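Visitor: the sequence and its predicted three-dimensional model are supplied below.
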Amino acid sequence: MRLSRDFFAQDTLSVARLLLGKRLVRRWNGQRLSGCIVEAEAYIGQDDLGCHASVGRTARNEVMFGPPGRAYVYFTYGMHWMFNIVTEAQEFAAAVLIRALEPLEGIPAMKRNRQGRTGFDLCSGPAKLAQALLITRELNSADLCAKRGAELWLEDGPPIPDDKVATSPRIGLNNTPEPWESVPWRFYVRDNLFVSKAR
DNA sequence: CGCCAGATCCACT
DNA sequence: GTGGATCTGGCGG
């Protein structure tokens, strides 16, 4: 079952939590590259100083102000692409950053995309999984809920019970004013080997 | 192992 | 001109 726009329209913390266990699927060259989401972070509105939307509406963050269920893909650190899913109502700028996947389908292709790296190093980080699934600028603003012709979408997966879900502060927010640097808006599957960092 | 700096582009100031 | 929702290899312990 493909995840619908209603799913992504929920509040961002719920979406981030519920995305654990869901499958991210990339269609490329007639084959499926996919993985189970094991780590995600919420970025919630213009008040959240960790969120790109906190600087106001710009060309870069425009997609976050649009309808839910679209891809917000941006470039950072001079070499990395990041994949987010837009959440909540139009005009409320929020998204979930996908931080790690447990690889499931198309692993040889992912390995090639990752210059021969394997296992843990395939998708254990936001820039790694973007590289493994060939997610770049062209997919920014792509509709992940399209009925046909989609290159990227999400599918249902086994629910992860609460006792297997852990939270922590978001990764990489250096010198962001509190409480934003410390709010526990990162969700990950406890003891899963493909999570980017143990805690 | 852990730590650290370099890589390298682009949006925003 | 600056610095970032990161990753990697190299170096030291």
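Guide: That came in fine, so what should we check first?

Visitor: okay, CA-based contacts and neighbour counts for the rest of this
Guide: Fine.

Visitor: CA atoms of stretch A:21-31 as PDB?
Guide: Written as PDB, here are the backbone C-alpha positions of stretch A:21-31 (Å, rounded to 0.1, in the frame of the first residue of the first chain):
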ATOM      1  CA  GLY A  21       9.100   0.700   9.600                       C
ATOM      2  CA  LYS A  22       7.700   2.200   6.300                       C
ATOM      3  CA  ARG A  23       9.400   1.500   3.000                       C
ATOM      4  CA  LEU A  24      11.000   4.200   0.900                       C
ATOM      5  CA  VAL A  25      11.000   3.100  -2.800                       C
ATOM      6  CA  ARG A  26      13.000   4.600  -5.700                       C
ATOM      7  CA  ARG A  27      12.200   3.400  -9.200                       C
ATOM      8  CA  TRP A  28      15.300   3.600 -11.300                       C
ATOM      9  CA  ASN A  29      16.100   1.900 -14.600                       C
ATOM     10  CA  GLY A  30      13.100  -0.400 -14.300                       C
ATOM     11  CA  GLN A  31      14.100  -1.700 -10.900                       C
END
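
Visitor: for that stretch, give the mean pLDDT please.
Guide: For stretch A:21-31, mean pLDDT is 95.

Visitor: tell me which helix or strand comes right after the biggest strand by length in chain A.
Guide: Secondary structure of chain A per DSSP state E: the longest strand is strand A:31-44. Toward the C-terminal end, the helix or strand that comes next after strand A:31-44 (DSSP states H and E) is strand A:71-76.

Visitor: each with direction, which strands does that next one pair with?
Guide: strand A:80-86 (antiparallel) (DSSP bridges).

Visitor: helices and strands around the longest strand of chain A, which ones?
Guide: If contacts are counted by 3 or more C-alpha pairs under 8 Å, 6 or more residues apart in numbering; DSSP states H and E, strand A:31-44 sits against helix A:12-19, strand A:23-28, strand A:94-105, helix A:107-113, strand A:186-189.

Visitor: off-centre distance for that strand?
Guide: 5 Å (C-alpha atoms, centre = their mean, to the nearest Å).

Visitor: and what of stretch A:43-53?
Guide: Distance of stretch A:43-53 from its chain centroid, counting by C-alpha atoms, centre = their mean, is 16 Å.

Visitor: end-to-end on it?
Guide: One end of stretch A:43-53 to the other measures 9 Å (C-alpha to C-alpha, to the nearest Å).

Visitor: check which residues of that stretch are buried.
Guide: A:43-46, A:48-53 (16 or more other C-alpha atoms under 10 Å).
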